[in-house]
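Colleague: sequence isn't available, so here's the structure alone:
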């Protein structure tokens, strides 16, 4: 659930209220009916970035060593998903997105997100933003997706390349990808 406590219109304490329009689903709402917190999934953009035939995986500063993932981020107002993922790639890696192809759309219910995943062929010199500590360039057959969220996108892309898919489990982790040679 959320951290909302008060109605943004009248400042009344929010209550859990059955939504009559949706078979009684409980939602956080203003008791006076001014505002409802729908708690809809948040769209997240993800890129399986390819540079010179290898796939770029990066480690976020908040993650443990050895855990690498796709480049991800949020859309901004007045941009398309393709513009958003190109911007995120530029901001986080300094690379230019040359070809952007949709892989698919995937649920990530644990974080209440909807992932829009792309395969992006990129070029340029890699320079990581401060939020990323390090990166790895991995040969496509060495990718090991995790069985959730962005991992499903990687697995789908691999299948389209006729590559075998081997999922990797991380107990208690939400970090998507590693290569077995780099664990």
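Modeller: Happy to help now that I have it. Note that the coordinates shown come from a computational prediction; the quantities given were computed from them, not determined experimentally.
Colleague: alpha carbons only for contacts and neighbour counts from here, please
Modeller: OK.
Colleague: tell me the domain ranges of this structure?
Modeller: Domain assignment of the chain by automatic domain parsing yields the ranges 1-39, 42-182.
Colleague: right, so those: which one is the most enclosed?
Modeller: Of the domains of the chain, the one with the most neighbours on average (mean count of other CA atoms under 10 Å) is domain 42-182, at a mean of 18.
Colleague: and the domains of the chain as TSV, adding mean pLDDT?
Modeller: Formatted as TSV, the domains of the chain follow (pLDDT from 0 to 100):
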stretch	mean pLDDT
domain 1-39	88
domain 42-182	91
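Colleague: contacts for the lengthiest strand in the chain?
Modeller: If you go by DSSP state E, the chain has its longest strand at strand 96-108. Contacts to strand 96-108, defined as CA atoms under 8 Å, 6 or more residues apart in numbering, come from residues 82, 86, 89-90, 113-124, 148-150, 152-153, 156-157.
Colleague: tell me which of these fall in strands.
Modeller: 113, 114, 115, 116, 117, 118, 119, 120, 121, 122, 123.
Colleague: just the strands in the protein please.
Modeller: Using DSSP E, strands in the chain cover 15-19, 25-29, 36-37, 42-51, 54-60, 71-73, 96-108, 113-123, 132-138.
Colleague: and those strands: which comes nearest residue 7?
Modeller: For residue 7, the closest of the strands of the chain is strand 25-29, at 7.4 Å, according to CA to CA.
Colleague: sheet partners, orientation included, of the closest one?
Modeller: strand 15-19 (antiparallel), strand 36-37 (antiparallel) (DSSP bridges).
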